[in-house]
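[1] attaching a predicted model along with its sequence, questions to come.
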Amino acid sequence: MLFPNPTRHLLFTFIPVLLLTGPASLGGPQTQKPKAPEPKRLTFSEARRLLEGEAEGNLINRPQSFTRTRLRSGQVIELHYPVAVSKREARTLKAMAAGYGLLYESEADYREATRPRHILEDLIPDGQAFVSAVPQLVARLQKRLRTGGQGLDYSRASLRRIDLYLASYQRTHTTADADPQLFQELTAYYGEALKRTLKGEWRVRQERVDRTHTQSEPNITFEAGAGELKPWSSVFSALYDEDRRGMKLTAAFSSDLEAARLAGR
């Protein structure tokens, strides 16, 4: 679960794995971040052949469990040894039980593929560009919902209309079906609803992910900057969090407003 309590958005920073991938789209030309290099998956026997004559485990060595090796070619290979499981478990864990290898073309590729990643990296790569595009994104959401300019007035009733759309959407999509455009539209509208209710404003915050990477987060500040909410986190939970999928944005709205009330005490 991403956020265990009503003040979750005030404390949330990042998740150190890449959860979702997909093209960035904010209504205009965007600078695309390069996708993380994906390793080549090998069978256990293929990986073992590549390790012949190499100093297996020269990066990490957990004998008969897991090794990471820098090959003389400059490539990096991870070898996951077979796991002893019962026959019953083997039916559902066959691929894992058999062992496998992951081959990266270079150490640089390995570091890039495995570095911590903010969940917004591919969904909203540029927070400032996102904030500038909020009006256009809201207009696109209205077109998507076929409201004809009516019904999306930043009220709870309008959020209920969006909840109905999301219920239909989720019947035909899984949490793996990342759609950055829909995510941006929903975040723009939901954030605007919070901003107007709280008489707040958008603020782009640079969140440090690791020593060399930061992520720009489009957040909502209120009470003259004393409090801050992360509207994108509620939208992410509603769309992609397996533990909270199906969460209604109307319920998230109440939760966020309560968090704001507590923060303003």
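    Thanks, I have it. Numbers count the residues shown, from 1 in each chain.
[2] which residues does Leu120 contact?
    Residues in contact with Leu120 (C-beta atoms under 8 Å, 6 or more residues apart in numbering) are Gly127, Gln215, Glu217, Trp232. All C-beta spots, glycine's among them, are computed from the backbone N, C-alpha and C.
[3] which pLDDT value does the model give it?
    Here, the pLDDT recorded for Leu120 equals 95.
[4] equivalent analysis for Arg115, please.
    So, for Arg115, pLDDT stands at 86.
[5] start at 59 instead
    OK, 59 is where the count begins now, so the last one is Arg173.
[6] quick one: classify the closest residue to it other than its chain neighbours as helix, strand or coil.
    Nearest-residue entry for Arg173: Asp268, 6.1 Å, with adjacent residues in sequence omitted and distances by C-beta to C-beta, 6 or more residues apart in numbering. Following DSSP: H, G, I helix; E, B strand; the rest coil, we place Asp268 in the coil state.
[7] show me how far whatever helix or strand Asp314 lives in is from its chain's centre.
    Assigned by DSSP states H and E, Asp314 belongs to helix 307-321. Here helix 307-321 is found 21 Å from its chain centre; the criterion is C-alpha atoms, centre = their mean, to the nearest Å.
[8] output it in CSV, but only the C-alpha positions, please.
    The C-alpha coordinates for helix 307-321 follow below in CSV (Å, rounded to 0.1, in the frame of the first residue of the first chain):
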residue,chain,number,x,y,z
LEU,A,307,-11.6,10.0,-6.4
THR,A,308,-14.5,11.4,-4.4
ALA,A,309,-13.2,9.4,-1.4
ALA,A,310,-9.6,10.5,-2.1
PHE,A,311,-10.9,14.1,-2.2
SER,A,312,-12.4,13.8,1.2
SER,A,313,-9.2,12.2,2.5
ASP,A,314,-7.0,14.9,1.1
LEU,A,315,-9.2,17.7,2.5
GLU,A,316,-9.0,16.0,5.9
ALA,A,317,-5.2,15.8,5.6
ALA,A,318,-5.2,19.5,4.7
ARG,A,319,-7.4,20.3,7.7
LEU,A,320,-5.1,18.4,10.0
ALA,A,321,-2.0,20.1,8.5
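[9] who are the packing partners of the one helix or strand Arg219 maps to?
    Arg219 is part of helix 214-229, with elements assigned from DSSP H and E. Contacts defined by 3 or more C-beta pairs under 8 Å, 6 or more residues apart in numbering; DSSP states H and E place helix 214-229 against helix 238-256, helix 289-298, helix 307-321.
[10] mind checking how far the residue of the chain positioned farthest from its centre is from Arg130?
    For the chain, the largest distance from the centre (C-alpha atoms, centre = their mean) belongs to Gly111, which lies 40.0 Å off. Distance from Gly111 to Arg130, counting by C-beta to C-beta, to the nearest Å: 8 Å.
[11] also Trp260?
    Computed as C-beta to C-beta, the Trp260 to Arg130 distance reads 52 Å.
[12] compare the two and say which is more crowded by neighbours.
    Trp260 (20 against 8; other C-beta atoms under 10 Å).
[13] wait, that one touches Ser274, no?
    No: using C-beta atoms under 8 Å, Trp260 is not in contact with Ser274, being 11.5 Å away.
[14] where are the low-confidence patches of the stretch 159-308 of the chain?
    Along the stretch 159-308 of the chain, the model assigns pLDDT under 70 to residues 206-209, 304.
[15] for the record, mean pLDDT for stretch 110-128?
    Here the average pLDDT along stretch 110-128 is 94.
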